[in-house]
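>>> Please work out how this folds:
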Amino acid sequence: MKIKYKHKYIMEFPKPSETGLTVFTRDNCINCDKLKGYLKNRRYKVVYCDPYLTDEHVKKQFIDQLFYITGKRVRHFPIVFLDGLYIGNYDDFLDFENDF
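The predicted structure is shown next:
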């Protein structure tokens, strides 16, 4: 997905997988580490987001893409998707799992 910006560059960002579980994570995130521990015996795609959060222009583009994908202003990690659909953060995912 490309969005037009006033800035000099536009990045392409990883997207959630259309099948299976995708977790957007970052370093030094307690809930990201807890979720990875919870999922240690399961297969899932991991997207490390730290490179997209250092430069303000890139960060804005990344947050805009997350809004485009989720329909929400997502600000907390981890960000969890199942079959390409936004589930939520760590607590949202646990609630989702417990509902089944």
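
>>> What's the first helix or strand after the longest helix along the chain?
Determined from DSSP state H, the single longest helix within the chain is helix 56-70. Remark: after helix 56-70, the chain's next helix or strand is strand 79-82, criterion DSSP states H and E.

>>> strand partners of the very next helix or strand once past that following strand, parallel vs antiparallel please.
Downstream of strand 79-82, the first helix or strand assigned by DSSP H and E is strand 85-88. Each strand paired with strand 85-88, and its direction, by DSSP bridges: strand 79-82 (antiparallel).

>>> so how far is the partner strand from its chain's centroid?
Strand 79-82 has its C-alpha centroid displaced from the chain centroid by 6 Å (C-alpha atoms, centre = their mean, to the nearest Å).

>>> can you check stretch 71-90 too?
Taking mean C-alpha positions (C-alpha atoms, centre = their mean), stretch 71-90 and its chain are 6 Å apart.

>>> tell me the mean pLDDT over that stretch?
Taken as a whole, stretch 71-90 has an average pLDDT of 95.

>>> buried ones in it?
The neighbour-count check on stretch 71-90 (16 or more other C-beta atoms under 10 Å) flags 74, 77-82, 86-90 as buried. C-beta coordinates here come from the backbone N, C-alpha and C atoms, glycine included.

>>> export that stretch as CSV, just CAs?
Taking C-alpha atoms only, stretch 71-90 is exported to CSV below (Å, rounded to 0.1, in the frame of the first residue of the first chain):
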residue,chain,number,x,y,z
GLY,A,71,-9.5,1.2,11.1
LYS,A,72,-8.2,2.2,14.5
ARG,A,73,-5.4,4.5,15.8
VAL,A,74,-3.2,1.6,17.1
ARG,A,75,-0.5,2.8,19.5
HIS,A,76,0.3,-0.2,21.8
PHE,A,77,2.3,-3.3,21.0
PRO,A,78,2.0,-6.1,20.3
ILE,A,79,-0.4,-5.7,17.5
VAL,A,80,-2.0,-9.0,16.6
PHE,A,81,-3.8,-10.2,13.4
LEU,A,82,-5.4,-13.5,12.6
ASP,A,83,-5.9,-14.3,8.9
GLY,A,84,-5.3,-10.7,8.1
LEU,A,85,-7.9,-9.4,10.5
TYR,A,86,-7.0,-7.1,13.4
ILE,A,87,-7.5,-8.8,16.8
GLY,A,88,-5.9,-6.2,19.1
ASN,A,89,-3.1,-6.1,21.6
TYR,A,90,-1.9,-8.7,24.1
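
>>> Good, wrapping up.
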